[in-house]
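Novice: Everything below, folded, please.
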Amino acid sequence: MRKIIWMSDPHFQHSGTYKGHDPRVLLERAIEHVNTHHADADFAILSGDLMGDELEQDYADLALYLSKSKVPIHSMMGNHDDRALLRIHLSVPTSAMGDFVQYTIEGADETIICLDTNKENALSGAMCQTRLNWLSDTLARTADKPAYIFMHHPPLALHLPPFDDSNLEDSDAFFDVISAHNNVKHLFMGHVHRATTGTIKGIPFASMNALSFQSPPPRPKWDWDSFNPAREAPQYGVLHIQADCVVLQYTQFCEFGVGYTG
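Specialist: Residues are numbered from 1 along each chain as shown. Presented below is the predicted three-dimensional model:
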């Protein structure tokens, strides 16, 4: 059985706050909670938007915070991230593509696939043909065991209106690839700062709350001009994967108000 910690969207800054939320305090609390309660996990996945501003000092300081984790942490690209700076300051598995932070974590009974959906200078995501070809080849190579895909941008509308406009572009091409293989068992997505679950084309999916600030629910209606984070506590996920069974526990690691000065 695999036990995986799933964290997303820390929006780390080496100084300052975002709308009153201190990302350093929140990330520190999350790592402390994992160290205390889930140090037996095999590894953790941090599914994108590591940064708030893509500054090199942010990456350098983020690396110091992540080094306090007793569980190895695999970082992924989000729309706020920079591939070159990520590679300089954070460890990337040797299985990663040369031009993209896209890689596998191989297990005896499963394959974890971490995609790079970053589209430069855009809020939305993309998977170019090179990345799609790599994904197809990987699924074919590991066809004898279940595959679990982590990606920052959702490839479908989650009925979260402000975010549904910034999901993965050309998601049909993505689904054409994974539908051609029968070993994809679950999709895990970040980006939206809210927990959702469902199925798409018969494949279960889940999105994750943020380590930083939480997006408001879709009602009352809001847009980016009126955006204010929800007064909700942050969470991470604890995943138990065994054979074809997946259990995801949404885990609150601190109360709302911790690290908040608003």
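
Novice: where exactly do the helices run in the protein?
Specialist: Listed in chain order, the helices of the chain (DSSP state H) span 23-37, 56-66, 83-89, 129-141, 161-164, 171-179.

Novice: average pLDDT across the last one?
Specialist: When you say that, I think you mean helix 171-179. Computed over helix 171-179, the mean pLDDT rounds to 98.

Novice: relative orientation of that helix and helix 129-141 in degrees?
Specialist: Using axes from the mean of the first three to the mean of the last three C-alpha atoms, to 10 degrees, the direction of helix 171-179 lies 20 degrees away from that of helix 129-141.

Novice: please renumber so the chain begins at 158
Specialist: With the count now opening at 158, the last piece we talked about shows up as helix 328-336.

Novice: list the helices and strands helix 328-336 packs on?
Specialist: Contact analysis of helix 328-336 by 3 or more C-beta pairs under 8 Å, 6 or more residues apart in numbering; DSSP states H and E lists helix 286-298 as its packing neighbours. Placement of C-beta: from N, CA and C, glycine included.

Novice: any residues touching the helix it packs on, and which ones?
Specialist: Residues outside helix 286-298 that contact it (C-beta atoms under 8 Å, 6 or more residues apart in numbering) are 254, 256-257, 259, 261, 268, 270, 272-273, 284, 304, 330-331, 334-335, 337-338, 340-341.

Novice: can you tell me which of those are in strands?
Specialist: Counted as lying in strands by DSSP state E, out of these, are 261, 268, 270, 304, 341.

Novice: List the contacts of residue 163.
Specialist: Per C-beta under 8 Å, 6+ apart, neighbours of residue 163: 201, 202, 204, 307, 345, 365, 393, 394, 395, 396, 405.

Novice: who's it bridged to?
Specialist: residue 202, residue 394 (DSSP bridges).
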